[in-house]
Every structure is written in structure tokens, then in C-alpha cells.
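> coordinates only, sequence not included:
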DNA sequence: ACAATCAGTTACAATTTGATACAGTGATGC
DNA sequence: GCATCACTGTATCAAATTGTAACTGATTGT
């Protein structure tokens, strides 16, 4: 049981989707490029595909009536996103940094028909997603602001960082507001925490969007124990 | 991308599970009863089954080294829990209130072999799980303490409540500490918030574990807008 | 019967985070 | 060139939540 926002049931007693019609073996799925700002789908759209990110960055968001927004996840290279609930997407999805994406038919996820190997791959991606989200729960609920920001930088660094001398550098294509809405903080708090990390000599910002990690060990500490 | 606690990859580039050996059609899965306090599995255990809750309440938890604990979810009747990541469970699972449970083989989730209908049902449960967890993100990150507690009571009420005159009543088999660790609060804050709801005439506690909702409308308001 | 323990509750102080306001910077457009 | 706008960073103050500690009532064991 989770505390869902609407009253829609999360129980297992909902009706099964009608079995899908047979489809001819899928042609080789093609990779397409999407520019920054492009919407891949909106909340409520019929979900025809799940998306595999090859390069670039996507952003999954949900918005409440009162304007409160949550960035559910960022889609980095290697991620598969857009898992549907029933027939519909339940988040919005935008491109944050120009992305190369492979779209897989939803039927490939739901039935093995035509491409059992990809079916398995997508199924396992969904299970891995559940596991990763469970970890993220702990982060949202049990970490302080500075731990959250440090953890975030560490995660991006591990996924997209490249070495520069003894240091590691990476870009943050998303805005401070996106980071705040992802971590459950305000922009001010995110900004404050970046400043502290700079003053402590742990990171350096070449531009607001370019991070240089000066002391990876300290960043790791900061992600686990509060200062 | 999520901010996972360890550095384990959440990317899609991990190796595929070896294809599973053929299994004879599953015999009718039997329902078993588990007493309060029983452990269904621990973090790291090999995952052989996923569990469908028929009656009772389960609790999924993760613990950090420093003692911080997160209750990931409660398993209420209708829920399917214990989705594995790779071969292993990534949470602990305990019985909070004596439960009747049907165990489904993991292979039924991962391959359709033997029981394609249950395979579909489990797959859809996993996708519904992802959606429900995304909603829960917003709750953990963007709701105040009182909104969280009200939302929680509302969710339990909707799932397990029974009418008593014009009111609704239900039991809370989990401790205040469990509720706090589920909502990302402290026990004191949970307790305080219960008291406020009582003083406002929204709920009444016959015992600390038995809730009577006196004003469902007000509880719904409290779950969405802070007082 | 009595002490010990534990869950829950309450009060108060301490701390963190959020809200507000404002300044600096770079991009865009007229 | 200059105004405008979006984004970022900083400081100050207010509000919410946590931490600490004390207290209650129920339960357990001796």
C-alpha cells in the first residue's frame, strides 16, 4: 500500500487488460533524436511506447492542482522510462538535454509476442525501477537537505561524469528548480547547499551548470552523514 | 534516474537473467496463514516468490547502517508485494497482523510458462506498483506532516474501513513508529498530529489502534490542504 | 504486589527549512 | 545599445518539524 494522491485503487483486483492482438515481429526499433523542450508524452496520454534513453536527459514530472510539482525522475542514458499504468501515462515527460531515444512498443513489454528477448529486458527494467524507487523513498524521507544534494551530485557524477585530471566533471542540464522538485526541497535550499559545498572545497562550479568534483571522498561522506 | 543509496547501477545495461528452465504447469497455488511477527523474507534473500496478500497486513522495510529506517510499504489485502530485483529481495518483509498469503513463483512473473494469465496479472501489478510509488513520491516530498497523516488515514480507511453508523472505523495494526517511518516523520510528530485531528473532531481513537472517522470530508480536506 | 519496560502522548527548546526580498548575470528581443 | 526576462545566488526572518525530556497507562516478569 502506498498513499496515492487520488483515491484510485492500487489493489490487485482491477480487471485485466484484454489480451492483445497478435503483432508481426517488430522491425528493428529505430533511434530518434529529440531537441531540448520537446514533450514525449503528457499525463493521461495513451501509452503506446516505453522509451530507452541512449543519450541526453529526460525529465518526468507530476503536478498537483495547487501547483506543487514533483520531478519523479530524470532519464539518463541507459534508463528506460514511461512505464504505463493501464493504458495511460501517469507523468509528463520532457527533454531537458537533446536526447537520442529508442521507442519500444508497449506490447513488447506486456506480451512477449514478436520479441521475447526485448520483452525480458523491459520486464527486468520495470523490476529494477521498483527497486530503485524504493531506495529513493529512503532518500526523500530520511535525508537532510545537504545529504540529498550531495547524493544527487554523486548519482549524476557516477552516471555521466568524466575524469578531468584527478577530478571528475559533469554537466547539470536541469535547472535548480528541477533539482529542488526532484529532491523535495526549495530552490533556495538547493542553492544554499551548493554554496556550502563550494565553500567547503568539495565541488567547484565552472558555470552554474558545470560541476567539478574536487573531493569525491568528502562528497560521499556528505551524502551519508550530515555535517 | 533515482538517487539510490548504494552505487549499484539502475541502468538498463546489466546482464540478462539466464533463461529459466521449463517448469510444469503450476499446481493451484495454496493460501497459507502467517502469524504476527513472522518474517517472509529479508533483504538479500534469494527471491523465489512474490506474495499476494489476501487478508492481514505486511510491512516492507529497509534499514540504513546508521539506523535510519524506512517503511517502504504496507501490504494490505489485494496488494502484491516482494517484486525482486535480479535474483534477490531488496527489502525485509514482516507480518504486522496475521495474514493469509498466496505465494506465486517468481518464474510466473518472469516467464509466462505454465500460467500466462497469472503472469499477466503479476506484470500488471508491477506496473501499477510503479505508478503508485510515483504518487507516493509526491506525498513524501511535498506534503506537510498533517497532510501526510491525514492522507495515510484516508488511504487505510478506503482500503480496510467498515461503516459504523454514519462513521467509518478501521484498525491500525502497525505502531506509531511504523507510521512515522512510512511517512518520513518522527513518532512524536505523528502522535501530535493524531492529537490535533482528535481535538478538531475529525477522528476519534477508541484505542490507539482503533480509529473512528467522524468527519470524512474534513479528513479529505486535511489530506490536501494544510490547516 | 511491585518494579521494570514499552508504546503513546505532551510540552518546550533547538534546528532546519521555507518564504520573502533583492541583486547579479546572461540571453533575448526591440 | 538598452530593456526585459529567466535563472541563480544571497541574506534575513518566519514557520514547521525535530530533539529532548518528562509523564501516563498498559503489560510483563519476579
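Perfect, I can see it now. Here the structure is a predicted model, which is why all the values come from computation and not from measurement.
> Helices of chain A, start to end?
A:106-110, A:116-142, A:145-160, A:176-183, A:187-199, A:216-224 (DSSP state H).
> Of the ones you listed, give the one that comes closest to residue B:167.
Of all the helices of chain A, helix A:116-142 sits nearest to residue B:167, with 30.9 Å by Cβ to Cβ. The way it works is simple: take the backbone N, C-alpha and C, and place the C-beta from them, glycine included.
> Any chance you could list what contacts stretch A:212-225?
A:146-147, A:150-151, A:153-154, A:157, A:161, A:164, A:167-170, A:197, A:200-206, B:66 (Cβ atoms under 8 Å, 6 or more residues apart in numbering or on different chains).
> Pull out the buried residues from the residues you listed.
Buried members of the contacts of stretch A:212-225, scored by 16 or more other Cβ atoms under 10 Å in any protein chain shown, are A:146-147, A:150-151, A:153-154, A:157, A:161, A:168-170, A:197, A:202-203.
> Could you let me know which of those residues ends up closest to chain B?
Distances from chain B to these, taken as Cβ to the nearest Cβ, are shortest for residue A:151 (4.7 Å).
> hang on, isn't that closest one packed against residue A:138?
No - the pair residue A:151 / residue A:138 is not scored as a contact, 10.2 Å apart, by Cβ atoms under 8 Å.
> just to revisit the earlier point, nearest to residue B:123 among the buried ones among the contacts of stretch A:212-225?
residue A:151 (30.9 Å).
> Give me the pLDDT value at that closest one.
pLDDT, residue A:151: 97.
> Quick check: it vs residue A:144, distance?
Between residue A:151 and residue A:144 the distance is 10 Å, computed by Cβ to Cβ, to the nearest Å.
> shaky segments in chain A?
Along chain A, the parts satisfying pLDDT under 70 run over A:3-28, A:226-227.
> tell me the domain boundaries of it?
Domains of chain A are assigned by automatic domain parsing as A:29-138, A:143-223.
> Pull up the distance across the longest one, start to finish.
In this case it means domain A:29-138. Terminal residues of domain A:29-138 lie 36 Å apart, using Cα to Cα, to the nearest Å.
> just the last one next, same as before
Between the opening and closing residues of domain A:143-223 we find a distance of 9 Å, counting by Cα to Cα.
> can you give me the offset of that domain from its chain's centre?
From the chain centre to the centre of domain A:143-223 is a distance of 16 Å (Cα atoms, centre = their mean, to the nearest Å).
> Now look at that domain and say if it contacts DNA strand D.
Yes - using Cβ under 7 Å from any atom of the strand, domain A:143-223 comes into contact with DNA strand D via A:175, A:176, A:177, A:187, A:188, A:191, A:192, A:194, A:195, A:205, A:208, A:209.
> does DNA strand C sit close to that domain?
Yes - for domain A:143-223, a contact with DNA strand C is found by Cβ under 7 Å from any atom of the strand, at A:144, A:145, A:146, A:184, A:185, A:186, A:188, A:189.
> thinking again about what came up before, how about the domains of chain A, which one is nearest residue B:79?
Of those, nearest to residue B:79 by Cβ to Cβ is domain A:29-138, at 13.1 Å.
> Any idea which of the domains of chain A gets closest to residue B:39?
Nearest to residue B:39, of the domains of chain A and by Cβ to Cβ, is domain A:29-138 at 17.7 Å.
> so, in contact with DNA strand D or not, the closest one?
No - residues of domain A:29-138 contacting DNA strand D under Cβ under 7 Å from any atom of the strand: none, with a closest distance of 10.5 Å.
> Now do the contacts for the nearest residue to residue A:50 once chain neighbours are set aside.
Distances taken as Cβ to Cβ, 6 or more residues apart in numbering or on different chains put residue A:82 closest to residue A:50, at 4.7 Å, once the chain neighbours are dropped. Taking Cβ under 8 Å, 6+ apart, we find residue A:82 in contact with A:40, A:41, A:47, A:49, A:50, A:51, A:60, A:89, A:93.
> so can I have a markdown table of the residues you listed showing neighbour count?
Below are the contacts of residue A:82 laid out as a markdown table (neighbours: other Cβ atoms under 10 Å in any protein chain shown):
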| residue | neighbour count |
| --- | --- |
| A:40 | 22 |
| A:41 | 20 |
| A:47 | 19 |
| A:49 | 20 |
| A:50 | 22 |
| A:51 | 22 |
| A:60 | 25 |
| A:89 | 25 |
| A:93 | 22 |
